[in-house]
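J.: Based on what follows, work out the 3D shape:
(2 chains)
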2 protein chains.
Amino acid sequence: MKNFTKTNIGNEGRTELHDKLALTGAEVSINQLPAGASVPFVHSHKNNEEIYAILSGSGKAIIDGEEIALAAGDWLKIAPSAKRQFFASNDTAIAYICIQVKENSLGGFTAEDAVIY
Amino acid sequence: MKNFTKTNIGNEGRTELHDKLALTGAEVSINQLPAGASVPFVHSHKNNEEIYAILSGSGKAIIDGEEIALAAGDWLKIAPSAKRQFFASNDTAIAYICIQVKENSLGGFTAEDAVIY
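T.: Alright, predicted model coming up:
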């Protein structure tokens, strides 16, 4: 049994990695919305914090009624209870990563969790 | 207290988001290695699974002695105990995201964890 898994993401509209990579601490999706499109619903989470990274293009998020402009290079953390919806710009598509992790699940990290050889 | 945090990542060599975004379920870093460079040590983890995404460029990882070619669009999950080291190609830089999460920390996700409005 190998200690790693690997996949390659091309130009798919949405790809979910949990099952593809046998993730145990996160779900990760890579998403594209065409110009003028939006995620067709508002949602929140019961237990999971979400981390979003804008890879390309532009758009906006509405989080608890507040409008946030989004462009490539932006990273967002959203608390579980926040009501959120994502939109591409009217004239530009948006591509983004969404990372779902359990709120407060991280213990030590980086130097505290690493073993250096 | 807002239910979200936001930052923008430009062309920095390495940026860590845990403190910038007040993450509680992950550490995320955005990294660049110039052509010919490598992370200067081999490391493993005590408790954390790592998920890597190659954003641009190319290089390789050596994981438990196995060499894996890396290019933009590749995603990897690496188990905590695996010994790993990352390298840019000799003639090309590499940019990548590293997500650290506690192994086996994720409960329900996506439809199971979401509340739709």
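
J.: can you map out the strands along chain A?
T.: A:4-8, A:14-16, A:27-33, A:43-45, A:48-63, A:66-71, A:74-78, A:84-88, A:94-102, A:114-116 (DSSP state E).

J.: of all these, which lies closest to residue B:66?
T.: Of all the strands of chain A, it is strand A:4-8 that lies closest to residue B:66, at 8.2 Å by CB to CB. Where you see a C-beta, it was placed from the backbone N, CA and C, and this is true even at glycine.

J.: one step back: I'd like the strands of chain A written out as CSV, with mean pLDDT, mean neighbour count and distance to residue B:95 added.
T.: CSV is the format used below for those (pLDDT from 0 to 100; neighbours: other CB atoms under 10 Å in any protein chain shown; distance: least, CB to CB, whole Å):
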stretch, mean pLDDT, mean neighbour count, distance to residue B:95
strand A:4-8, 97, 16, 16
strand A:14-16, 96, 15, 20
strand A:27-33, 97, 20, 16
strand A:43-45, 98, 20, 29
strand A:48-63, 98, 21, 11
strand A:66-71, 97, 14, 17
strand A:74-78, 98, 24, 14
strand A:84-88, 98, 20, 24
strand A:94-102, 98, 24, 14
strand A:114-116, 97, 12, 21
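
J.: Any idea which of these gets closest to residue B:102?
T.: Nearest to residue B:102, of the strands of chain A and by CB to CB, is strand A:94-102 at 8.4 Å.

J.: picking up where we left off before, what would the strands of chain A look like in a markdown table with distance to chain B?
T.: Output for the strands of chain A, formatted as a markdown table (distance: least, CB to the nearest CB, whole Å):
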| stretch | distance to chain B |
| --- | --- |
| strand A:4-8 | 5 |
| strand A:14-16 | 7 |
| strand A:27-33 | 4 |
| strand A:43-45 | 5 |
| strand A:48-63 | 5 |
| strand A:66-71 | 7 |
| strand A:74-78 | 4 |
| strand A:84-88 | 8 |
| strand A:94-102 | 3 |
| strand A:114-116 | 5 |
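
J.: Distance to residue B:9 for these - can I get that in CSV?
T.: Output for the strands of chain A, formatted as CSV (distance: least, CB to CB, whole Å):
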stretch, distance to residue B:9
strand A:4-8, 23
strand A:14-16, 22
strand A:27-33, 17
strand A:43-45, 24
strand A:48-63, 8
strand A:66-71, 11
strand A:74-78, 6
strand A:84-88, 18
strand A:94-102, 12
strand A:114-116, 22
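
J.: Which among those strands is found nearest to residue B:21?
T.: strand A:74-78 (4.2 Å).

J.: before we move on, back to that, wait, which of the strands of chain A is closest to residue B:64?
T.: strand A:4-8 (8.0 Å).

J.: Which strands or helices does the closest one pack on?
T.: If you count contacts as 3 or more CB pairs under 8 Å, 6 or more residues apart in numbering or on different chains; DSSP states H and E, strand A:4-8 packs onto helix A:18-21, strand B:66-71, strand B:74-78.

J.: nearest to residue B:53, of those?
T.: strand B:74-78 (5.1 Å).

J.: In PDB, please show the C-alpha coordinates belonging to that closest one.
T.: Coordinates of each C-alpha in strand B:74-78 appear next as PDB, following Å, rounded to 0.1, in the frame of the first residue of the first chain:
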ATOM      1  CA  ASP B  74      -1.500  17.500 -10.300                       C
ATOM      2  CA  TRP B  75      -2.900  16.900  -6.900                       C
ATOM      3  CA  LEU B  76      -1.300  14.500  -4.300                       C
ATOM      4  CA  LYS B  77      -2.300  13.200  -0.900                       C
ATOM      5  CA  ILE B  78       0.600  12.100   1.300                       C
END
